[in-house]
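Trainee: Here's a sequence, model it:
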Amino acid sequence: MSRFTPVDLSQYPISDVIEALDFESYLARDRATFTTRWEARRLVNPSLPAVDTLLLEPDPSSVVLEVGSLRETLLRGRINDRIRALTLAGAPGRALDHIGITYYRTPRRVITPATDTATAVMEDDETYRQRLALAPESWSTAGPVGAYLFWALSASGDVLDVAAYSEDEGVTLAPRIRVVILPRDGLTDPEKAALVVTVKQALSRDRLRPMGDLVTVEFATDLSFDVTAHLRIRQGASADIVKAEAEKRILQYCSGRLRWIGDDIEGPVWLIGRRMRQATIAAAALGTDANVVEVEIPDPATDVNAPHAGYTEAALAGVGEFDFEPLAPEITAHLFVAPRLGTVTVTHEIVAESWS
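Mentor: Residues are numbered from 1 along each chain as shown. Next up, the predicted model:
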């Protein structure tokens, strides 16, 4: 009963190719080597000063060793970065373009068409990266769910999110496929109508999909919701900074973007059919900030776009049987809804708990 999702690149380990960078260990190694070689020199020339005076912080010898260790750290870091840039999960910018074209035959999308006065806006790295991870699904044409998602997303940069439903979700009878799209904000009604036509053409039977599939394309229903969170913050912490970071985490979760690689890097949008759990919103506000003691959500039992009570495993048990009938529209309605965040209000109080 869950949406198809491609491989989660956040689970792909991009380890340091050489080793974890450690400036202090390089410096300690170089100082030990310097000490050994210097003492060998002193055996030949006892008039040379003792090494303990040469390795004091202000001494030029110590500075030279630090410079050498720093250069080694930077060099190892550059090598790590260059090797990471050869992976789908770690490649940025032009390196990602190279992987996309040469290995997946998939160029970046143009998000906003170029005009005489404007420059085209290209698909961002993280959305492009995840679409490339989805690209192998397209090699079976529009048959598997992932193939429908890939080709619908690739039809236009104005497609923000896509879901494809069949008999498996209880919404249709085979061979009907319902493709649901969420357009980017700011499109006019004529542009939205044209977008539906574009996606339909991209999924046409003479180009991609199996002849037996009856495909319809429709828009998701927007569901606006607001978030209010109350933070209890430790005494001594900067309330403004803590609140700003909590709001940032809430926005990241509720915008439908998943975090893929590194801190503060967002992935593709996933909103259609998504259930926004109040407990998860509270957890997002809490994050890993030790300054936040507790997060309160006014109505924690009311999730946004929660499934109908009748949408259960038992209700779907007959999928594929000859006498199976699609579930009532109200039972599967949540699959066609896209929760859209409205306002975020974060309040706070300072509690007596402190680090002292």
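
Trainee: for the stretch 1-150 of the chain, what spans make up the strands?
Mentor: Using DSSP state E, counting those that start in this stretch, the strands of the stretch 1-150 of the chain run over 110-112, 121-122.

Trainee: cool, the stretch 151-300 of the chain as well?
Mentor: 159-165, 176-183, 214-219, 221-234, 257-259, 266-269, 292-296.

Trainee: Would you point to the one among the ones you listed that's packed deepest?
Mentor: Greatest average neighbour count among those goes to strand 159-165 (a mean of 23), per mean count of other CB atoms under 10 Å. All C-beta atoms are positioned from the backbone trio N, CA, C, and that covers glycine.

Trainee: Quick check, residue 153 in contact with residue 162.
Mentor: Yes. Using CB atoms under 8 Å, residue 153 is in contact with residue 162, at 5.5 Å.

Trainee: thinking again about what came up before, among the strands of the stretch 1-150 of the chain, which comes closest to residue 96?
Mentor: Comparison of the strands of the stretch 1-150 of the chain against residue 96 by CB to CB identifies strand 121-122 as nearest, at 11.1 Å.

Trainee: thinking again about what came up before, between the strands of the stretch 1-150 of the chain, which one is closest to residue 80.
Mentor: strand 121-122 (26.6 Å).

Trainee: Okay, now the sheet partners of that closest one, with direction.
Mentor: Strand 121-122 has the following sheet partners, assigned by DSSP bridges: strand 110-112 (antiparallel).

Trainee: model confidence over the strand it pairs with, on average?
Mentor: Summarised as a single mean, pLDDT over strand 110-112 is 75.

Trainee: likewise stretch 171-184?
Mentor: In the prediction, stretch 171-184 has an average pLDDT of 93.

Trainee: For residue 294, give the beta-bridge partners.
Mentor: residue 232.

Trainee: so what pLDDT did it get?
Mentor: pLDDT, residue 294: 93.

Trainee: same question, residue 36
Mentor: 89.

Trainee: try residue 26
Mentor: Reading off the model, residue 26 has pLDDT 90.

Trainee: Next: residue 137.
Mentor: 83.

Trainee: what's the answer for residue 262, then?
Mentor: 43.
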